[in-house]
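# with the input below, show me the fold.
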Amino acid sequence: MSEKRSDTTYPPIDVVITWVDGSDPRLAEKRNQYLSSKDAAVHPGATSTRFASNNEIKYCVLSIFKFAPFIRNVYIVTDGQQPDIFDEVSAHFPHRLNSIKIVDHKDIFKGYEQYLPTFNSTSIETMIWRIEGLSENFVYFNDDVILIRKVKPDDWVKNGRPVLRGNWRFFPLKKIFNQHIRLLINKKILAKKDYHPKLSFYIRQWQAAKILGYKFKYFFHCHTPHVLNRVSLETFYKKNPQLLENNIKYRFRSDKQFISISLANHLEIKQGNTQVEKLNLGYFHPYYSSRQISRKIIRCNTDPKIKSVCLQSLDMLQKKEQAKILGWINILFQMQVEETAKAQLVNW
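Numbers count the residues shown, from 1 in each chain. So this is what the prediction gives:
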């Protein structure tokens, strides 16, 4: 499983991963202090799957060391917790143990401690550029994103700037309209004062684009590793401190927030970055059937363009389906995807 770090000279690239273990009773107790029993049941940013962990972080980190050995440091951002990964890393990549850095929320929220504790990944993502010692260009992973093929530095950074992965879309008019109708019905007609609208991944990306003047279109990104430029984000937020503060003040996800990753993408485009590539991911939906999972695994095995997968809300799948996905991932870590593709076509 071990991979040696490349000796090729290139500007340093770090990885940032946000992680939480929702099964930690101390964290659950802390979270419940800021939730009424009614909110816990209906708030879209407080559902249990938001904080659930099947130790995906282990696969995320191991995949980075195996398939992207050029990465300098892996920063894991968390709230006073310690991921259970060090024995596995020591067994397979002992030379990379010192590359793992644990970063507490207090470190990146320095000067904004009044917004801690936070249970809001959107708020946390807004602050990750503040990690001390972070490379200028860095790659942001959710802990459920896993590499499945070798990645080269220029898959992520070219000419000193991030490679953007996604596509242009018209602004999400239908989703905005539907959200307003639901708000009107629930709050005005049904008098549900505690109603929270379902959070839209699309609207919150568009809200970021709109800040930079893209009113009728936006650059859509999906659940892949995201390459961000620290200097661009730092410069923007120092010029717009109130925008930063408004986006981090919610302890749980809010429809009033924009996605900082989308802001970073549009900043790059605004600055003339034309390095745009197609999405190259495999997405495992939590409502997939066993047959759909098998088809997705086969596609990931046979399509060399797919470099990463997202195991969205793995906790919501049946144990049998979880075992199928994780068994496949374990096989990938032992050998190259291409070498096992034919065997997997038969087995899956």
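
# export stretch 205-223 as PDB, just CAs?
The C-alpha coordinates for stretch 205-223 follow below in PDB (Å, rounded to 0.1, in the frame of the first residue of the first chain):
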ATOM      1  CA  GLN A 205     -23.400  28.500  -4.800                       C
ATOM      2  CA  TRP A 206     -25.300  31.100  -6.900                       C
ATOM      3  CA  GLN A 207     -25.400  33.400  -3.800                       C
ATOM      4  CA  ALA A 208     -21.600  33.400  -3.800                       C
ATOM      5  CA  ALA A 209     -21.500  34.100  -7.500                       C
ATOM      6  CA  LYS A 210     -23.900  37.000  -7.100                       C
ATOM      7  CA  ILE A 211     -21.600  38.700  -4.600                       C
ATOM      8  CA  LEU A 212     -19.000  39.000  -7.500                       C
ATOM      9  CA  GLY A 213     -21.600  40.200 -10.000                       C
ATOM     10  CA  TYR A 214     -22.600  36.900 -11.700                       C
ATOM     11  CA  LYS A 215     -26.400  37.400 -11.400                       C
ATOM     12  CA  PHE A 216     -27.700  35.200 -14.200                       C
ATOM     13  CA  LYS A 217     -25.200  32.400 -14.300                       C
ATOM     14  CA  TYR A 218     -22.800  30.700 -11.900                       C
ATOM     15  CA  PHE A 219     -19.900  28.200 -12.000                       C
ATOM     16  CA  PHE A 220     -21.300  25.000 -10.500                       C
ATOM     17  CA  HIS A 221     -19.000  22.700  -8.500                       C
ATOM     18  CA  CYS A 222     -19.800  19.300  -7.000                       C
ATOM     19  CA  HIS A 223     -18.500  16.900  -4.300                       C
END
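
# residues contacting it, please?
Applying CB atoms under 8 Å, 6 or more residues apart in numbering, the external contacts of stretch 205-223 come out as 142, 144-145, 164-172, 202, 243, 257-263, 265-267, 269-270, 276, 279, 281, 283, 310, 312. All C-beta atoms are positioned from the backbone trio N, CA, C, and that covers glycine.

# ok, 7 Å please
Stretch 205-223 has contacts (CB atoms under 7 Å, 6 or more residues apart in numbering) with 142, 145, 164-172, 258-259, 261-263, 265-267, 269-270, 279, 281, 283, 310, 312.

# repeat that for stretch 327-337.
By CB under 7 Å, 6+ apart, the list of residues contacting stretch 327-337 reads 1, 59, 62, 66, 146, 148-149, 297, 301, 340.

# reformat those residues as a markdown table; add distance to residue 193, pLDDT and secondary structure.
Converted to a markdown table, these look like this (distance: CB to CB, whole Å; pLDDT from 0 to 100; DSSP: H, G, I helix; E, B strand; the rest coil):
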| residue | distance to residue 193 | pLDDT | secondary structure |
| --- | --- | --- | --- |
| 1 | 54 | 64 | coil |
| 59 | 42 | 94 | helix |
| 62 | 46 | 96 | helix |
| 66 | 50 | 95 | helix |
| 146 | 41 | 96 | strand |
| 148 | 46 | 96 | coil |
| 149 | 49 | 94 | coil |
| 297 | 45 | 95 | helix |
| 301 | 50 | 94 | helix |
| 340 | 55 | 42 | helix |
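
# pLDDT on the host helix or strand of residue 329, on average?
In this assignment (DSSP states H and E), residue 329 forms part of helix 319-334. Regarding helix 319-334, the rounded mean pLDDT is 88.

# let's number from 43 now, not from 1
From this message on, residue numbering opens at 43, which makes the last subject helix 361-376.

# tell me where the model's unsure across the stretch 193-342 of the chain.
Residues of the stretch 193-342 of the chain meeting the criterion pLDDT under 70: none.
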